[in-house]
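Undergrad: sequence first, predicted coordinates after that:
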Amino acid sequence: MSKRRLYIWAGLLLLAASLLRICHIAAIPLGMHIDEAGLGLNAWSIAGFGTDRYGNFLPVCPSNFYGEQSAFYTYFCALLVKLFGLSIVTLRMPAALMGIITVLFGALLMREKWGDKGLLAGLALLGIFPYFIMNSRFALDCNSMLGALTVSLYVLVRLLKKAHRCPGQRLYGYFALAGILLGVTLYTYIIAALVVSVFCVLWGLYYLFYRREGRFLRFRQLLFLAVPLWLLAIPLILVFAVNYFDLDPIATPFFSVPKMITNRTEEVTFSLSAMLGKLRNLTYPFTSDGKYGSSDRYWTMYLFSPPLIAAGLIHSVLRSVKDLREKCLSPDLILLFLTLAEGFMFLLCGYYNYHINGVFIALAFFCVNGIFAVGGLLRKHPARLAWAAVLTVCYGASFAGFAGEYFFPKDTAVFQIYGGVDQALSLLTPEQRSREIYVLDEVGEFYFLSNPVPPDEFASHCSESGFLQDYQNLHFRAPEKYTGEEILVCNKGSGWHGIFSDKDLTGYSYSVLETAHYYVFYRK
């Protein structure tokens with residue numbers, strides 16, 4: 001294939017992947033995650049006041065309810081909010097952009113092993129895999145780790161290939177760049193430090209000792225990588241120290257390290273029984289965790305990808321063993337090191353796929369590896385064409401089914417719609433709007449995301465656990481007793497509708513107003 005045709009095809013595939021991540025991002029997915037609401041308020045507060053919603057000045061890790069929130073996504077979102085204002089689009093756009101970056105640099109990573117065909121395969125599959133699409137369409141802050149880690153891996157693979165081909169070159173600047181990128185990755189997920197640390201130890205030791213010649217030069221190269229990585233890690237180390245050792249909060253002219261309500265390091269469990277209990281969860285990245293990054297019907301990367309991933313994994317292990325014997329460097333070994341690091345982290349503190357989101361670039365790599373490994377066993381050209389045709393039909397049909405289910409959902413009974421409470425309250429008269437209003441099923445952040453207030457005002461109404469339950473005549477909880485004068489708002493997907501409709505349970509007969517997603521109960 002000529003370079004011109006290659007670039008045209010690559011551009012079209014990247015454009016298609018971009019559209020799948022950007023189009024109708026405000027409406028799909030329809031419901032909001034609780035952390036999306038908290039992140040949006042933090043981004044709005046940082047953009048306008050330089051603090052998170054609790055009043056912490058430029059925090060290393062913004063506070064979110066009971067613990068830390070990843071800084072990378074929050075500050076990225078704050079920049080967009082500063083430029084374009086707060087909306088569901090600016091809230092989710094960083095996820096979409098990081099998703100596009102994942103597709104691009106993931107495909108470039110695959111090009112490092114398989115050349116142009118790897119580039120096209122990577123663009124096609126990363127563009128349509130369910131996890132990679134769903135990961136890119138809602139503002140779960142930890143999901144940005146996948147994009148940042150993919151960029152870091154690509155630079156690292158390029159660097160190590162260059163270092164292997166030219167063992168006498170210093171390449172200090174390139175190693176420093178890799179260290180900076182890995183350091184930035186630390187801020188994409190509060191527990192990314194575990195993954196990056198284990199990963200760097202594994203490949204760093206291998207790179208240092210895989211051959212005797214030039215070991216002192218490689219040691220210096222690793223120092224140039226480690227220094228920026230360590231420097232970037234210092235603020236996060238301070239976050240750990242303040243919260244784990246119960247130290248006083250730290251405030252500087254440039255950033256602050258607040259004390260969190262709950263210490264998130266408690267999520268890291270070294271119990272053998274806990275790890276054994278999580279072994280079953282290791283199947284979720286291949287199938288579905290039933291939560292936010294997979295389809296119960298089409299799984300994370302479609303139903304027939306796990307066998308290909310297994311074949312590719314075996315092929316990468318065999319290739320890595322060969323590299324160990326021949327004292328070589330290859331992308332396979334780097335991706336295996338990442339898989340081990342992610343698996344280790346997941347056993348310590350993971351339950352759902354977003355806890356292990358960085359591993360998906362490795363799984364996609366193994367999937368493509370399995371496809372080419374099977375194709376390599378087919379010696380005759382017609383057999384290879386048939387293999388390509390089978391893959392095209394299977395993945396094309398699966399993507400069509402998934403896209404129909406995801407982008408055109410039939411069941412829209414979900415909680416927490418952006419601005420949904422505003423629409424419900426707009427049905428009330430001024431007199432009704434002045435009554436005590438109880439909003440069920442939702443924390444205050446969902447309401448204040450579309451009606452933000454200054455951080456000092458927000459924080460003054462929060463409980464010790466970081467939740468806002470009462471603000472003026474709005475109450476984000478159930479009433480202690482029914483008086484018949486209150487206004488009751490609930491989502492159509494909740495069970496409160498049955499309670500408010502039963503006079504025997506409340507003691508009153510309410511009239512009902514409704515929007516597409518909410519019920520409003522009132523008495524005239």
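TA: Done, it's in. Residues are numbered from 1 along each chain as shown.

Undergrad: going forward, measure contacts between C-alpha atoms and count neighbours the same way
TA: OK.

Undergrad: gap between residue 22 and residue 291?
TA: Using Cα to Cα, to the nearest Å, residue 22 is found at 21 Å from residue 291.

Undergrad: and if you look at residue 452?
TA: Noted for residue 452: a distance of 28 Å to residue 291, by Cα to Cα.

Undergrad: those two: who's more crowded?
TA: residue 452 (18 against 11; other Cα atoms under 10 Å).

Undergrad: could you report the neighbour count for the closest residue to that one other than its chain neighbours?
TA: With sequence-adjacent residues excluded and distances taken as Cα to Cα, 6 or more residues apart in numbering, residue 452 is closest to residue 41, at 7.0 Å. Residue 41 has 30 neighbours, counted by other Cα under 10 Å.

Undergrad: residue 41 is in contact with residue 445, isn't it?
TA: Yes - using Cα atoms under 8 Å, residue 41 is in contact with residue 445, at 7.3 Å.

Undergrad: show me what contacts residue 209?
TA: Neighbouring residues of residue 209 by Cα atoms under 8 Å, 6 or more residues apart in numbering: residue 215.

Undergrad: gap between it and residue 329?
TA: 12 Å.

Undergrad: just residue 390 next, same as before
TA: Distance of residue 390 to residue 329, given as Cα to Cα: 33 Å.

Undergrad: between the two, who's got more neighbours?
TA: residue 329 (22 against 12).

Undergrad: what about the more buried one, which helix or strand?
TA: Using DSSP states H and E, residue 329 falls within no helix or strand.

Undergrad: how far is the helix ranked longest in the chain from where the chain is centred?
TA: Determined from DSSP state H, the single longest helix within the chain is helix 215-244. When distances are taken as Cα atoms, centre = their mean, to the nearest Å, helix 215-244 is centred 24 Å away from the chain's centroid.

Undergrad: what's the first helix or strand after it?
TA: Immediately after helix 215-244, counting by DSSP H and E, sits strand 250-251.

Undergrad: quick one: contacts for the residue nearest to residue 452?
TA: Going by Cα under 8 Å, 6+ apart, residue 41 touches 52-53, 445, 448-449, 452.

Undergrad: Serialize the residues you listed to CSV and add fields for distance to residue 249.
TA: Shown next, in CSV, are those (distance: Cα to Cα, whole Å):
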residue, distance to residue 249
52, 15
53, 17
445, 25
448, 27
449, 27
452, 26
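
Undergrad: thought residue 94 was touching residue 76?
TA: Yes - the criterion here is Cα under 8 Å, and residue 94 meets it with residue 76 at 6.6 Å.

Undergrad: those two: who's more crowded?
TA: Higher neighbour count among residue 94 and residue 76: residue 94, with 26 against 16, using other Cα under 10 Å.

Undergrad: helix or strand for that one, which one?
TA: Under the assignment here (DSSP H and E), residue 94 is part of helix 88-114.

Undergrad: how far off centre is that helix?
TA: With Cα atoms, centre = their mean, you get 12 Å for helix 88-114.

Undergrad: give the buried residues for that helix.
TA: Residues 88-114 are the ones in helix 88-114 that count as buried (16 or more other Cα atoms under 10 Å).

Undergrad: swap in stretch 510-524?
TA: In stretch 510-524, counting by 16+ other Cα under 10 Å, buried: 510, 514-515, 517-522.

Undergrad: also stretch 52-69?
TA: Per 16+ other Cα under 10 Å, stretch 52-69 contains these buried residues: 52-65, 67-69.

Undergrad: mind checking how far the residue nearest to residue 452 is from residue 207?
TA: 44 Å.

Undergrad: tell me the average confidence for stretch 445-459?
TA: Averaged across stretch 445-459, the pLDDT comes to 95.

Undergrad: put the alpha carbons of that stretch into CSV.
TA: Provided in CSV are the C-alpha atoms of stretch 445-459 (Å, rounded to 0.1, in the frame of the first residue of the first chain):
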residue,chain,number,x,y,z
GLU,A,445,-24.0,17.8,43.5
PHE,A,446,-26.4,16.8,40.8
TYR,A,447,-28.5,19.8,41.4
PHE,A,448,-25.6,22.2,41.9
LEU,A,449,-23.9,21.0,38.8
SER,A,450,-26.5,23.0,36.8
ASN,A,451,-26.9,25.6,39.5
PRO,A,452,-23.4,26.1,40.9
VAL,A,453,-22.7,28.3,44.0
PRO,A,454,-19.4,29.7,45.2
PRO,A,455,-17.2,27.2,47.1
ASP,A,456,-17.4,28.9,50.4
GLU,A,457,-21.2,28.9,50.3
PHE,A,458,-21.3,25.3,49.1
ALA,A,459,-18.8,24.1,51.8
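
Undergrad: next helix or strand past the worst-scoring helix or strand of the chain on mean pLDDT?
TA: Here the helix or strand of the chain ranked lowest by mean pLDDT, DSSP states H and E is helix 272-278, holding a mean of 69. Later in the chain than helix 272-278, the nearest helix or strand by DSSP H and E is helix 305-326.

Undergrad: who touches that following helix?
TA: Under Cα under 8 Å, 6+ apart, the answer for helix 305-326 is 210, 286, 329-330, 332-333, 336, 363-371, 373.

Undergrad: got the buried residues for it?
TA: For helix 305-326, by 16+ other Cα under 10 Å, it's 305-306, 308-316, 319-320, 323-324.

Undergrad: Three-state assignment for the closest residue to residue 278 other than its chain neighbours, please.
TA: With Cα to Cα, 6+ apart as the criterion, residue 278 has its nearest non-adjacent residue at 6.0 Å, and that residue is residue 347. Assigned with DSSP: H, G, I helix; E, B strand; the rest coil, residue 347 falls in the helix class.

Undergrad: next: residue 186.
TA: Residue 186 - assigned by three-state DSSP - is helix.

Undergrad: residue 193 is in contact with that one, correct?
TA: Yes - contact between residue 186 and residue 193 holds when scored by Cα under 8 Å: they sit 5.5 Å apart.

Undergrad: which one's more surrounded, those two?
TA: Higher neighbour count among residue 186 and residue 193: residue 186, with 26 against 20, using other Cα under 10 Å.

Undergrad: what's the pLDDT at that one?
TA: Residue 186 is given a pLDDT of 96.

Undergrad: phi, psi for residue 488 please.
TA: With angles defined as degrees, to the nearest 10, residue 488 sits at phi -120, psi 130.

Undergrad: next one: it from residue 430, what distance?
TA: When residue 488 is compared with residue 430 (using Cα to Cα), they lie 16 Å apart.

Undergrad: what does stretch 463-474 contact?
TA: Contacts with stretch 463-474, where a contact means Cα under 8 Å, 6+ apart, come from 64-66, 261, 434-439, 443-445, 458, 461-462, 475-477.

Undergrad: excluding chain neighbours, give the residue nearest to residue 140 in space.
TA: Leaving aside its sequence neighbours, residue 140 sits nearest to residue 36 (Cα to Cα, 6+ apart; 6.0 Å).

Undergrad: any idea how far residue 186 is from residue 254?
TA: 19 Å.
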